[in-house]
Every structure is written in C-alpha cells, then in structure tokens.
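Student: here is the input, now give the coordinates:
(chains A and B)
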Amino acid sequence: MRPMSQPENTAVTAATGEARFLALLEAHRTIVVHVANAYARHLADREDLAQEIVAGAWRSFARYDAARTFSTWLYRVALNTAISWARRNARHLRQREADETALGAIAVHDPDGLAIDDDVGDLRAAVAALDELPRALVILHLEGNTYAAIAEILGITETNVATKLSRIKTQLRSAIERARDARRNTHGIG
Amino acid sequence: MESDDLATLWQSGNRTLADVPLTFGGLAARERAQRTLFSIAFGRWFTLVSNAIAVLVLGAYTGDHLREPHVGLAALLLFVTSIALLIVSIVQVIIVSTLDLSASPLEVQQRVAAAERIRIANDTVALCASPMLWTLIAIVGAKALLGFDAVLVFGTPWIVANLALGLVTLGLGAVFIRPVRKLMAGSTLARVNARLADLARFATPG
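Tutor: Next up is the predicted model:
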C-alpha cells in the first residue's frame, strides 16, 4: 500500500470529520429541533433556523473539544445561533405577527395548523415573550436539563440558575393563568 | 400549576412540533456556513480596508502638505480622524472574527453588544462631527483636485457657509431619516447600554 500524500490525507481527515459531525448531530438531533421550535413559530422559520444552527455547528466543529459533552456544546451553538437569528429577523417576525393578528389568522397558537393544546400554546407564547437569556434558561429547564448542566451551558452559577428559574416559572404560571381567564371570559364560561 | 406540569406541557408541544420534517444536509449546511461567513465578514472587512486606504492616502497627503497654511491643518485633522476610524474598525473585526458560537450565550451576547456599542458610538461621533469633516474634506479636496487653497480664495465666509450646509443637511437628516434621528438623540446607544445592563444583571445572582 502506498503512503497517502498530504492532500489525500487532509481529504480523508475532512471526510472523517464530516462523518463524525453528522453522526453526533443525528444522535443529538432533538436539541436542534427543540431549540428551533422554541425560537420560531412558523414551519418555514423553524426549518430555516434549524438549518442555520446546523451550519453554525459545522462551522464551529473544528474547535469542538471531544473531552467535553457534545450536548453542552451543541446547546451553546444552538442557543447562540437562535438568539442571533431572532434578533436579525425581529422586525420581519413582528410585522408578520401584526399582519396575522390584524387578519384574525391566529385563532390557534400554531400558524401551521398543528393541533396544539391551549395551555401548550399559552406556555410557548409566555416563553417567547421573555428576554433572550431568561428564555434560553427556561427552555433548557423545560427540556429537562439539570441546574448544573444549565449553569455550564449559560456560563452562570447554579445558585443563579435556581434563583432566576424560580422567578421565571412564577411569571410563566401567571401568564398561563391570565390566558386561561381571558379564554373563559371570551367564551363566557365560569 | 406545578413546575413539572410546565415541563410536561412544553414536551407535549415538542412532540407535536417535532413531527415537522427538517433537512440536515451536510453539503447544504457547509455551503450555507460559507455564505454566512462571507456575508458577516464582507461589510466589516470592506470598512476596514476603506479606512486603511484613507489613512494611507491622507497620511501621504498630510506629509507632503503639512507646512501649507489651512490645507496642512485640514489634512492633519482628517488624517487623525481616519486613524481613529481605522482603530475602531480593527477592534470590531477582531471582536466579530473571534466570536466563538460554542462559548456561553452570556459571553457571546456580551461581546456582540460590546461590538455594537463601539459601532454605534463611532457612528454617533462621526455623524455629529460630519459638518466639520465635510468642511475639512472640501478644503483638502479643493487643493488636491482643483489646485487652490479655498480658505485663501473664498475666505472665512466660505468656511462658515460649508459648516452651515453641513449642519442643515444633518438637521434635515435628523428630521426625515429615522436611524439618523435615533443616533443623534442617543436612543440607539441607550438601547444597547440597556441590553448590556440586562446581561450584567443576568450574570448576577438575585
């Protein structure tokens, strides 16, 4: 067997890197999907954001340290990308929300017509109304991450995670209750 | 409603939404990554290169005309301004090009906001100084392109008229162009300062 030349060696390394990236990504696919779902409402936006997260992850993959947890790394990339995406598209998204509200098109919480429970929609709307980092914090919690994992992903202390989560959850519960009351009043129930 | 109920609700939504098919094409992602990289870098690199060219041209011109009355001083002031603009654009390119998406969102957002504050502060100062800069450019331009000392030929009224023209243009810009108005009023800078304060609060327990 002849030894590989430098370009061949580089190509093989690149191919191995891409295969490894895709394997890790597939194994942690839900992180990308769930973060995209949390930051975008419409199907087209969710697809766009998910693709952008994959692109950001691929771009940063060369710097990934295999000694660290891939899920923590991917959560960071996904959240950073989602926050940037949301800020870049803020005007467009606000305009569309306003148009849809004006047209009365949002009778349900999901614009793509999926059957979403009222409470689920209220929770998602309340989460979407939070500022960027509190929103990331609560999403990580609702996705089932431990305080320690959340602290590592966001770069804050566990105590800080606990304190802020407690406050945010109170806010979310109040928002859901208010939305329920509003629905009851609209439908003349109770 | 208990905390677990919130998580259950959230995950129930995930189950519904996750049915939406998403594309994970390695090649498509790679192409998109390259496009995004180019689009992020292009504007900032263009500004940096333009500022570097301005420093070189004004530096050479100032060196040649420093001893000339009016024109030497105007060229020197423009040269100093161009150096300041170059430094700001270098700092911005360094901040943006060293951004690591896998750093903590808190750190990334603080760096993005800091870069934005530098850009806005730079734009605000440049805008406020634009009537004076315009006058300096007119003095240097008249000498470099037409070969005469405008201050000597037209006198002080010409300087005053140019400053007034710059101020009127700036005033009209502030009235009719919303981003200019916001920059002049300081609300753009106040917005980014508020964001930095929010981020600092988020980093602090309590």
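Student: just the pLDDT at residue 42, thanks.
Tutor: Reading this off chain A. pLDDT for A:His42: 83.
Student: right idea, wrong chain: chain B
Tutor: 74.
Student: got it, and A:Ala98?
Tutor: With respect to pLDDT, A:Ala98 has a value of 68.
Student: now the helices: where do they sit in chain B?
Tutor: Assigned by DSSP state H, the helices in chain B fall at B:3-17, B:26-65, B:71-97, B:105-141, B:150-154, B:156-176, B:178-185, B:187-203.
Student: could I get the ones you listed as CSV with mean neighbour count?
Tutor: No exception for glycine: its C-beta is placed from N, CA and C like everyone else's. Putting these into CSV (neighbours: other CB atoms under 10 Å in any protein chain shown) gives the following:
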stretch, mean neighbour count
helix B:3-17, 17
helix B:26-65, 15
helix B:71-97, 18
helix B:105-141, 18
helix B:150-154, 16
helix B:156-176, 14
helix B:178-185, 15
helix B:187-203, 15
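Student: can you redo those helices as TSV with distance to chain A?
Tutor: Formatted as TSV, those follow (distance: least, CB to the nearest CB, whole Å):
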stretch	distance to chain A
helix B:3-17	4
helix B:26-65	4
helix B:71-97	12
helix B:105-141	4
helix B:150-154	44
helix B:156-176	20
helix B:178-185	12
helix B:187-203	5
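Student: ignoring the adjacent residues along the chain, who's closest to B:Trp10?
Tutor: Among residues not flanking B:Trp10 along the chain, A:Leu142 sits closest, at 3.8 Å (CB to CB, 6 or more residues apart in numbering or on different chains).
Student: mind listing what that neighbour touches?
Tutor: Applying CB atoms under 8 Å, 6 or more residues apart in numbering or on different chains, we find A:Leu142 in contact with A:127, B:6-7, B:10-11.
Student: one step back: so which of the helices of chain B is nearest A:Ala90?
Tutor: Nearest of those to A:Ala90, taken as CB to CB: helix B:187-203 at 12.3 Å.
Student: relative to helix B:178-185, how tilted is the closest one?
Tutor: On the basis of axes from the mean of the first three to the mean of the last three CA atoms, to 10 degrees, helix B:187-203 is oriented at 70 degrees to helix B:178-185.
Student: report the central residue of chain B.
Tutor: B:Arg119 (3.4 Å; CA atoms, centre = their mean).
Student: thought B:Val93 was touching B:Val49?
Tutor: No. Contact between B:Val93 and B:Val49 fails when scored by CB atoms under 8 Å: they sit 10.2 Å apart.
Student: now A:Ala151: which helix or strand?
Tutor: Remark: A:Ala151 resides in helix A:147-154, with elements defined by DSSP states H and E.
Student: how about the backbone phi and psi for A:Gly155?
Tutor: phi 80, psi 30 (degrees, to the nearest 10).
Student: how near is it to B:Leu99?
Tutor: Distance check for A:Gly155 against B:Leu99: by CB to CB, to the nearest Å, it reads 14 Å.
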